[in-house]
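[1] Dropping the sequence and predicted coords here.
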Amino acid sequence: MAKPLMPKATAVWLVENTALSFEQISEFVGLHELEVQAIADGEVAVGMQGADPIASGELTQAEIDRCQADPNATLKMAKATLPMPKARGKGARYTPVSKRQDRPDAIAWLLKHHPELSDAQISRIIGTTKPTIKSVRERTHWNINNIKPQSPVGMGLCTEADLEKVVAIARAKAGTTHVPQTEAEPAPSHYSPEPILPTMEPGPKAEEEEEHTVESVFGKSSNDED
C-alpha cells in the first residue's frame, strides 16, 4: 500500500484536524501507533507544520468522514489524477540544438583516442547518427576542414562516467587491455648492484708498496744482484 510523501507531517495534520483513531492514522502514514500518540501528546514533532493530505490529493474528505464514522475502517489513498512519468526508452541520446554543431568534433576525438568504439556506441553516447560518423571517419563530411577533435566530456555532450563505461565495454568485447607504462622499470628484488668506488691516483706510498710486493714475488732484479 502506498504511503504519504511526508508521513510525520501528514500525521500531525490528521491528529489536529480529524477524529481518526491513532491506529487508523498510524496505519495510513506508516508510523507506529505510539509515535502517533506521542505526536498528539506534544512529545514528538513539536512545532512541525502539518501537511494536508486532501490538498496534496492523497486523501479525500469523503474517505476521512467514512473512517471517522467507523473506527474499524482503514484509510485508503486516493487515486492519483496526475499522469505518471514514463520511463525513457532505449535510443539515441538527445542532444540540445545549441550543441549539435559540436558533435563532429566529438566524433573526431573519439575516433582518434578510442578506435575500439563501434559506430553504434559513439552514436548512443553523443546522440549522433552512423552516416555522420562514417563521413567524419572517411573525411567526406561537408565541414571536414573545420573539424577539430575535442573531448565530448569537455563540450558537455556526455559525462566522464558514461564515457569510461562505454570504453570499458568496448575494450572487453575487443579483448584488449591498456596497461599504463612507467618511466623506468623497477629493478628485481634479488638484484643487488655493486657499489661503485671512486678511482684515486696512486701516491708515492702506494708506489713503494707496489714495488715491495713485486720484489717479494719475483725476487730482486738482476741490477741489484750485480
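    Perfect, I can see it now. Numbering: from 1, shown residues only.

[2] CA atoms for contacts and neighbours, from now on please.
    Noted.

[3] in the protein, which spans are helices?
    Counting by DSSP state H, the chain has helices at residues 7-17, 22-29, 33-40, 61-69, 103-113, 119-126, 130-137, 160-174, 204-218, 222-225.

[4] so which of those helices gets nearest Pro149?
    helix 103-113 (4.2 Å; CA to CA).

[5] Please state the mean pLDDT value computed over the closest one.
    Per-residue pLDDT values over helix 103-113 give a mean of 92.

[6] quick one: low-confidence parts of the protein?
    1, 80-100, 176-226 (pLDDT under 70).

[7] so how far is Glu16 from Gln37?
    12 Å (CA to CA, to the nearest Å).

[8] Neighbour count: these two, which is higher?
    Using other CA atoms under 10 Å as the criterion, Gln37 and Glu16 rank with Gln37 on top: 19 against 13.

[9] dump the residue contacts of that one.
    Gln37 is in contact with Phe22, counting by CA atoms under 8 Å, 6 or more residues apart in numbering.

[10] Any figure for the gap between it and Ala108?
    66 Å.

[11] what's the answer for Ser26, then?
    Ser26 sits 60 Å away from Ala108, going by CA to CA.

[12] Show me which of the two is the more surrounded one.
    Ala108 (22 against 19).

[13] contacting residues around the nearest residue to that one once chain neighbours are set aside?
    Nearest residue to Ala108 in three dimensions, chain neighbours excluded: Pro149, at 4.9 Å (CA to CA, 6 or more residues apart in numbering). Pro149 sits next to 105-110, 112 when contact means CA under 8 Å, 6+ apart.

[14] ok, of the residues you listed, which one's closest to Ala161?
    Of all the contacts of Pro149, Ala161 sits closest to Leu110, with 15.0 Å by CA to CA.

[15] The closest one - how many residues pack around it?
    20.

[16] Please tell me I have it right and it contacts Ser151.
    Yes - applying CA atoms under 8 Å, one finds Leu110 in contact with Ser151, separated by 7.5 Å.

[17] contacting residues around the nearest residue to Ala73 once chain neighbours are set aside?
    Nearest non-adjacent residue to Ala73, counting by CA to CA, 6+ apart: Cys67, 5.2 Å away. With contact taken as CA under 8 Å, 6+ apart, Cys67 is in contact with 20, 73-75.

[18] Same list (those residues) but as TSV, adding distance to Ala51.
    Output for these, formatted as TSV (distance: CA to CA, whole Å):
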residue	distance to Ala51
Leu20	16
Ala73	22
Thr74	19
Leu75	16
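
[19] Filter those residues down to the buried ones.
    Burial by neighbour count, judged by 16 or more other CA atoms under 10 Å, picks out 20, 74-75 from these.

[20] Between these, which sits nearest Val166?
    After measuring these against Val166 - CA to CA - the closest member comes out as Leu75, at 48.3 Å.
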